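**Student:** Need a 3D model of the following:
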Amino acid sequence: MNSQSLWGPLGRPLRAVRGYPRRAPLTLGYVCLLLAGHVWVGHGLSTERADDMLGYLSTNLDNLRDHPLSALLGSALFFDGTLTDVTSTDFVGTLITLGLGVCCFLAWAEHRWGKRRAVAVFLGGHVAATLLTAVVINVALRHGWYPTAVRQALDYGVSYGAQTVLAIGTLALPRWGRLPWAVFVLAWPLGGAEWAGPLPDFTTVGHLTAAALGFGLLGVPAFRRQRVRAGGLPSPAGDVGPQRGSAPESASSAAGAKTPPSV
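**Tutor:** Numbers count the residues shown, from 1 in each chain. All right, here's what the predicted structure looks like:
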């Protein structure tokens, strides 16, 4: 067996890994920041100091009222999950949000639309889903559906932004895969949902809201076109999404994490 036949099936993945820093440098830097923060919180700080810091950055109702900007931005600098306990549901959530959402689909969005638009989608989904979920929490508290302790709940991480990117990343898939993918994006947060009256737990509400925001962006013309390079040519197709040259479907045809309950 010659070397060409040996490496043939691995050629595309290896090229994708080798070209990742060039295609998505901002995403790569963000992933490194998240990993460094995860190690720092888990091993560089005492349990008490880590809990205090994450409690301060949590996007619960009390923090959003007291220091909203610090909570909204700071909570996106860490992910709540595990990289080592591979048998846990938290690890599955980490694979979906950090692995697929950030490492894959945020990188795809950066390559397709550029850094600013990719950041707008991710951060916009993170902020908008958090604020809309806060409204739902307030309504649920007035009706007694959620316990009052939810006002100080620990709620931080990248999963709302990742969920938005997973939804708009439907465009990266061939047409036959878009409906199953949309179903998956909507269904996976419900897998670990806990119901309080007519509503699931607030993190599930947040994930579903973030997905709805992402699917809504599928109908925005600016996100249905790929980035144009100097000279009027579209940027080359990335390794995620085999039909970059074809016209994407609308949000209605595409539809058919923070984790559920926590990633």
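
**Student:** distance between the helix or strand hosting A129 and the chain's centre?
**Tutor:** Element membership of A129, judged by DSSP states H and E, is helix 115-143. Once both centres are worked out by Cα atoms, centre = their mean, to the nearest Å, helix 115-143 turns out to sit 12 Å from its chain's centre.

**Student:** any idea of the mean pLDDT in it?
**Tutor:** Taken as a whole, helix 115-143 carries a mean pLDDT of 96.

**Student:** and it, what does it pack onto?
**Tutor:** If you count contacts as 3 or more Cβ pairs under 8 Å, 6 or more residues apart in numbering; DSSP states H and E, helix 115-143 packs onto helix 25-39, helix 61-66, helix 68-74, helix 107-113, helix 159-168, helix 202-217. C-betas here are computed from N, CA, C, even on glycine.

**Student:** The nearest residue to V165 once chain neighbours are set aside and G157, how far apart?
**Tutor:** Sequence neighbours aside, F105 is the residue nearest to V165 in space, at 4.6 Å (criterion: Cβ to Cβ, 6 or more residues apart in numbering). From F105 over to G157 the distance is 16 Å, taken as Cβ to Cβ, to the nearest Å.

**Student:** Next: W176.
**Tutor:** 32 Å.

**Student:** Please apply the same query to H111.
**Tutor:** 24 Å.

**Student:** again with L64
**Tutor:** From L64 across to G157, the span is 15 Å (Cβ to Cβ).

**Student:** Comparing those two, which residue is more hemmed in?
**Tutor:** More neighbours surround G157 than the other of L64 and G157, with 31 against 19 (other Cβ atoms under 10 Å).

**Student:** before we move on, back to that, what sits against the residue nearest to V165?
**Tutor:** Applying Cβ atoms under 8 Å, 6 or more residues apart in numbering to F105 gives the contacts 162, 165-166, 168-169, 172, 240.

**Student:** circling back: among the helices and strands packed on helix 115-143, which comes closest to R142?
**Tutor:** helix 61-66 (12.2 Å; Cβ to Cβ).

**Student:** Please enumerate residues in contact with the closest one?
**Tutor:** With contact meaning Cβ under 8 Å, 6+ apart, helix 61-66 is reached by 56-57, 70-72, 130-131, 134, 137-138, 150-152.

**Student:** Would you point out which residue is most central in the protein?
**Tutor:** A162 (0.4 Å; Cα atoms, centre = their mean).

**Student:** Surely it is in contact with V102?
**Tutor:** Yes. The criterion here is Cβ atoms under 8 Å, and A162 meets it with V102 at 5.5 Å.

**Student:** what helices or strands is the helix or strand where D52 lies leaning on?
**Tutor:** Using DSSP H and E, D52 maps to helix 47-57. In terms of contacts (3+ Cβ pairs under 8 Å, 6+ apart), helix 47-57 is packed against helix 68-74.

**Student:** can you count the residues close to V135?
**Tutor:** Neighbours of V135 (other Cβ under 10 Å): 11.

**Student:** just R18 next, same as before
**Tutor:** By other Cβ under 10 Å, neighbour count at R18 equals 9.

**Student:** For K115, see how far away it is.
**Tutor:** As judged by Cβ to Cβ, R18 and K115 stand 20 Å apart.

**Student:** what does A109 give?
**Tutor:** From A109 over to K115 the distance is 10 Å, taken as Cβ to Cβ.

**Student:** Can you check which residues contact both of the two?
**Tutor:** Here A109 and K115 have no joint contacts, going by Cβ under 8 Å, 6+ apart.

**Student:** Which of these two has more residues huddled nearby?
**Tutor:** Using other Cβ under 10 Å, the more surrounded residue of A109 and K115 is A109, with 28 against 14.

**Student:** Contact partners for that one?
**Tutor:** 117-118, 121-122, 165, 168-169.

**Student:** switch the cut-off to 7 Å
**Tutor:** Contacts of A109 were listed using Cβ atoms under 7 Å, 6 or more residues apart in numbering, and they are 118, 121, 165, 169.
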